[in-house]
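J.: Sequence and predicted structure, then a few things I'm wondering about:
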Amino acid sequence: MRRLASALRSPVTRWVFLGIAVALAVYAVWVNWDSLVQAAQDISPGTILAAAAASVLYVWLTLLSWRRVLTDLGSPLSLRAATSVFGVSQIGKYVPGGVWNIVAAAEIGADHQIPRRRSVTAMTVAVLVSLVSGAVVGCVGLLVAPPGALGSWRWVLWCAPVLALLLVPRIMNRLIATVFSITRREPLEHPLTRGGLAASVGWALAAWVVAGLQVWLLATGLDMPVTPRTFALAVGGYALAWIVGFLVILVPAGAGAREAVLLVVLGGALSSGSVLLVVLVSRALLTVVDLGIAAVGIALQRSRRDSVQPPPAGLG
């Protein structure tokens, strides 16, 4: 991790890395372009716009969850600065390896006087919060899944109460300490507070609901029944799909793995062709949002650098 961070400290390396990440994200949209065109024909423009708005809100809520952890660790950021750091760093998840967004957050955060170690810790904790809260949401949501959708693995869904205990501050702090010990990283500078963790978990839970809403809007636009059951199915299915995609670190942003899980979960409510269209459009919309927030982050970074540069000699 330190070697990766050192490599990104060169301005040239940063731009090369950013160029590669953006190119891979654009490629992901290009690959799914036919699906987007088909969606424009099969789904009403209003539904696509609503799903796009849900995508933006989902990413924003994820940002707020990470920002609250960072504040709890001692480095509060304004929304402007947080958008700059988070927006640019998240594009790194499109580079295979599973750590580039964390490394990028550390380097960009350093420009805002955030210690690199603290940035890495905050992003790691935020991811852990997302994983645990997502597992809980997935288990609860998929309790309404068709009996045959999950096969012999349905019993796993009843682990939700146990997983929910991991969100208790004392237990979460111990879990983090264990993870950091196994990975030979320095422990937290101080434990997460009850208020800080509760706020971060709250934003994360809201993010999962909104992400599921995005999938549900697209699916109901293709004739999936509009019911509370299908909404819970979409929310739980997306949360578990994200977790599976995160664990498959060899592909950028969990490409393929998330789609496979959603195909299984939604298969009982839609035809296979409609499900495939939903998951591809969902992926493309989120990728476009990631590119958009990265562009905003880059613009904010450049604006900040321009504002702190000293005036040329002889002026004033």
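T.: Good, I have the coordinates.

J.: And the host helix or strand of Leu217, what's buried?
T.: Leu217 is part of helix 194-220 when elements are defined by DSSP states H and E. Across helix 194-220, burial judged by 16 or more other CB atoms under 10 Å covers 196-197, 199-201, 203-220. Yep, even glycine has a C-beta here, placed from its N, CA and C like the rest.

J.: what ranges do the helices span in the stretch 201-316 of the chain?
T.: Counting by DSSP state H, counting those that start in this stretch, the stretch 201-316 of the chain has helices at residues 228-247, 257-266, 272-308.

J.: and the angle for the last one with helix 228-247?
T.: Okay, so that is helix 272-308. 60 degrees (axes from the mean of the first three to the mean of the last three CA atoms, to 10 degrees).

J.: average pLDDT for helix 272-308?
T.: The average pLDDT within helix 272-308 is 77.

J.: now it against helix 257-266, angle please.
T.: Using the same axes, to 10 degrees: helix 272-308 against helix 257-266 is 140 degrees.

J.: Pull out the buried positions in helix 272-308.
T.: 274-291, 293-294, 297-298, 300-301.

J.: what inclination does that helix have with respect to helix 194-220?
T.: 130 degrees.

J.: Which elements pack onto helix 272-308?
T.: The contact analysis (3 or more CB pairs under 8 Å, 6 or more residues apart in numbering; DSSP states H and E) places helix 272-308 against helix 11-31, helix 33-42, helix 45-72, helix 79-90, helix 194-220, helix 257-266.

J.: where does the stretch 101-250 of the chain dip in pLDDT?
T.: Scanning the stretch 101-250 of the chain for pLDDT under 70 picks out 101, 144-160, 248-250.

J.: change it to 90
T.: The stretch 101-250 of the chain contains residues with pLDDT under 90 at 101-132, 135-194, 221-230, 232-233, 236-250.

J.: As JSON lines, the helices and strands packed on helix 272-308 with distance to Gly141 would be great.
T.: Output for these, formatted as JSON lines (distance: least, CB to CB, whole Å):
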{"stretch": "helix 11-31", "distance to Gly141": "26"}
{"stretch": "helix 33-42", "distance to Gly141": "24"}
{"stretch": "helix 45-72", "distance to Gly141": "15"}
{"stretch": "helix 79-90", "distance to Gly141": "24"}
{"stretch": "helix 194-220", "distance to Gly141": "7"}
{"stretch": "helix 257-266", "distance to Gly141": "9"}
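
J.: Alright, that wraps it up for me.
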